[in-house]
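K.L.:
sharing a model that was predicted from the sequence below.
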Amino acid sequence: MIHQFSAPGRILIVGASDILTTCQFTSLSPLLNAVAASAPTLHDLVETAEAITAKHDVVLFEADVSDDDLAALAHFVTVAQGQTKFIALVDDRLPLTKVRVLGASGADDILPLDIKAEALIQALADLAGQPGVLDLHGSRTGAAARVFSIAQSRGGAGATTIAVNLASSLAVAAKRGESGPRVLLLDLDLQFGNAGTYLDVEDNGGLYDLLGQDALPSEKAILGAVQTSGYGVDVLTAPTVFVPLNAMTPEIVAHMIGVFRYAYEYLIIDLPRATLDWLAPVIMATDQLIMVSDSSVPCIRQAKRLIDLYRENRLTLPVALVINREKKTFFGSETIRAAEAMLGLKVASWVPDDPSGERRAVDLGCPTAAVRSKGRKTYRGLAKKLSATAISSSNDFV
């Protein structure tokens, strides 16, 4: 059994013949209500743009970012007037500058040509956040949650600390006396996760039970596994008992995220240290990846490797670089300038080192962002910046 995504009418695939083959022998093939176009490029179909946009809700098209490609895309977008979504499929070796040109020309998403079936389904599911496209949960309405995934360049870099404090900062009400946004912290570090400890929440066996079911768990079961904390953050803890990493599957994690996105305003995901196939739908659902690192050369190089790996599934994945446990130098440094150049990113936030505060926070189960601490202002500033950032790939952190 798999999560039943409903296809938006019919999907037209222009070129990219391997897409249909990729899904043909998987359990996902019935979900792709797709047909192949009569020509290999959008440029060849320009004269039938009105007929295509009237008939199809999604167009997946192969692109090499030629002038003809860009002109054809712009024409289709104009004709569609927002009624059809356009997803470009490109070679993953294409320079990021060219990828961004596609986005500027009107592409709603940009994916690698060799994308896996599960990641393609998740990409289509992400259109659910846009009115009138996909309906994943029957008559459910309302905007989908913003998803922030937290990764780290090395073990011990402090990804869980950032995840917990970002979650508690996002949960703060805008005005005194009002309710704060609904925030869920999802700990997917199955074997080493301890996010619940930071919030004084013990594992209730919820995630372990969900992973042990023969079929996809119901929405009621998924939401029932969540626990509340005293800091405005709900949490689904990692199991305290050992579970193999392959206990999670792409279908299960995509289904869980689909449920949580319509129950919360923010979803913070603490990623595992390992690279696994079921991370593909997580990355596809992510609005912003937070890469936690220090400024050392080995860690920056590892951060680049991980970012490149995640972008194999989503070329335009927005990334924010957070340097943890270091004080920002007033004039910057040659090392930081070199690191930013290597990653193609500016440092989004510097979190000061506060070992005694972090230790006290863990021991008491109280996030440092919830009390007076060295990092409180920084965490809340990061949360404010993230919550104000547009979901599109043109955000400030790319």
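P.N.:
On my side now, so go ahead. Residues are numbered from 1 along each chain as shown.

K.L.:
tell me how many other residues surround Ser38.
P.N.:
10 (other Cβ atoms under 10 Å). No exception for glycine: its C-beta is placed from N, CA and C like everyone else's.

K.L.:
again but with Asn313, I slipped
P.N.:
Neighbourhood size, Asn313 [other Cβ under 10 Å]: 25.

K.L.:
where do the domain boundaries of this protein fall?
P.N.:
Using the TED database, the domains assigned to the chain come out as 11-128, 146-388.

K.L.:
format those domains as TSV; extra columns: mean pLDDT.
P.N.:
Putting the domains of the chain into TSV (pLDDT from 0 to 100) gives the following:
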stretch	mean pLDDT
domain 11-128	82
domain 146-388	93
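
K.L.:
what are the buried residues along stretch 156-175?
P.N.:
157-172 (16 or more other Cβ atoms under 10 Å).

K.L.:
closest one of the residues you listed to Arg305?
P.N.:
Within these, distances to Arg305 taken as Cβ to Cβ reach their minimum at Ala157, with 14.0 Å.

K.L.:
quick check: that closest one vs Ile290, distance?
P.N.:
11 Å (Cβ to Cβ, to the nearest Å).

K.L.:
before we move on, what about Thr329?
P.N.:
Taken as Cβ to Cβ, the span from Thr329 to Ile290 is 21 Å.

K.L.:
tell me which of these two has more neighbours.
P.N.:
With neighbours defined as other Cβ under 10 Å, Thr329 and Ile290 compare such that Ile290 has more, 27 against 11.

K.L.:
quick check: neighbours of the helix or strand where the more buried one lies in the sheet, parallel or antiparallel?
P.N.:
Remark: Ile290 resides in strand 288-293, with elements defined by DSSP states H and E. Strand 288-293 has the following strand partners under DSSP bridges: strand 146-152 (parallel), strand 319-324 (parallel).

K.L.:
ok, residues contacting it?
P.N.:
For strand 288-293, the external contacting residues (Cβ atoms under 8 Å, 6 or more residues apart in numbering) are 146-154, 157-159, 162-163, 166, 283, 299-300, 302-303, 306-307, 310, 317-324, 386, 389, 395, 397.

K.L.:
just how off-centre is it within its chain?
P.N.:
Chain-centre distance of strand 288-293: 11 Å, with Cα atoms, centre = their mean, to the nearest Å.

K.L.:
same check on stretch 49-59?
P.N.:
The answer for stretch 49-59 is 28 Å, by Cα atoms, centre = their mean.

K.L.:
separation between Asn324 and Leu276?
P.N.:
Here Asn324 is placed at a distance of 23 Å from Leu276 (Cβ to Cβ).

K.L.:
sorry, that was for Lys377
P.N.:
In terms of Cβ to Cβ, Lys377 sits 35 Å off from Leu276.

K.L.:
list the helices and strands the helix or strand hosting Val59 packs on?
P.N.:
Per DSSP H and E: Val59 is located in strand 58-62. Counting contacts by 3 or more Cβ pairs under 8 Å, 6 or more residues apart in numbering; DSSP states H and E, strand 58-62 is packed against strand 11-14, strand 85-90.

K.L.:
can I get these in a markdown table with distance to Ala215 and mean neighbour count?
P.N.:
Below are the helices and strands packed on strand 58-62 laid out as a markdown table (distance: least, Cβ to Cβ, whole Å; neighbours: other Cβ atoms under 10 Å):
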| stretch | distance to Ala215 | mean neighbour count |
| --- | --- | --- |
| strand 11-14 | 26 | 22 |
| strand 85-90 | 30 | 24 |
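
K.L.:
can I get those strands in JSON lines with distance to Ile222?
P.N.:
Listed next are the helices and strands packed on strand 58-62 as JSON lines, based on distance: least, Cβ to Cβ, whole Å:
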{"stretch": "strand 11-14", "distance to Ile222": "27"}
{"stretch": "strand 85-90", "distance to Ile222": "27"}
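
K.L.:
where exactly do the strands run in the chain?
P.N.:
Per DSSP state E, the chain carries strands over the ranges 11-14, 34-36, 58-62, 85-90, 109-112, 146-152, 183-187, 227-228, 233-236, 266-270, 288-293, 319-324, 347-351.

K.L.:
I'd like those strands as a markdown table, with distance to Leu124 appended.
P.N.:
Listed next are the strands of the chain as a markdown table, based on distance: least, Cβ to Cβ, whole Å:
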| stretch | distance to Leu124 |
| --- | --- |
| strand 11-14 | 8 |
| strand 34-36 | 10 |
| strand 58-62 | 7 |
| strand 85-90 | 8 |
| strand 109-112 | 9 |
| strand 146-152 | 16 |
| strand 183-187 | 22 |
| strand 227-228 | 31 |
| strand 233-236 | 25 |
| strand 266-270 | 19 |
| strand 288-293 | 20 |
| strand 319-324 | 23 |
| strand 347-351 | 29 |
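
K.L.:
residue closest to the middle of this protein?
P.N.:
Taking Cα atoms, centre = their mean, the centroid of the chain lies closest to Thr286, which sits 0.8 Å from it.
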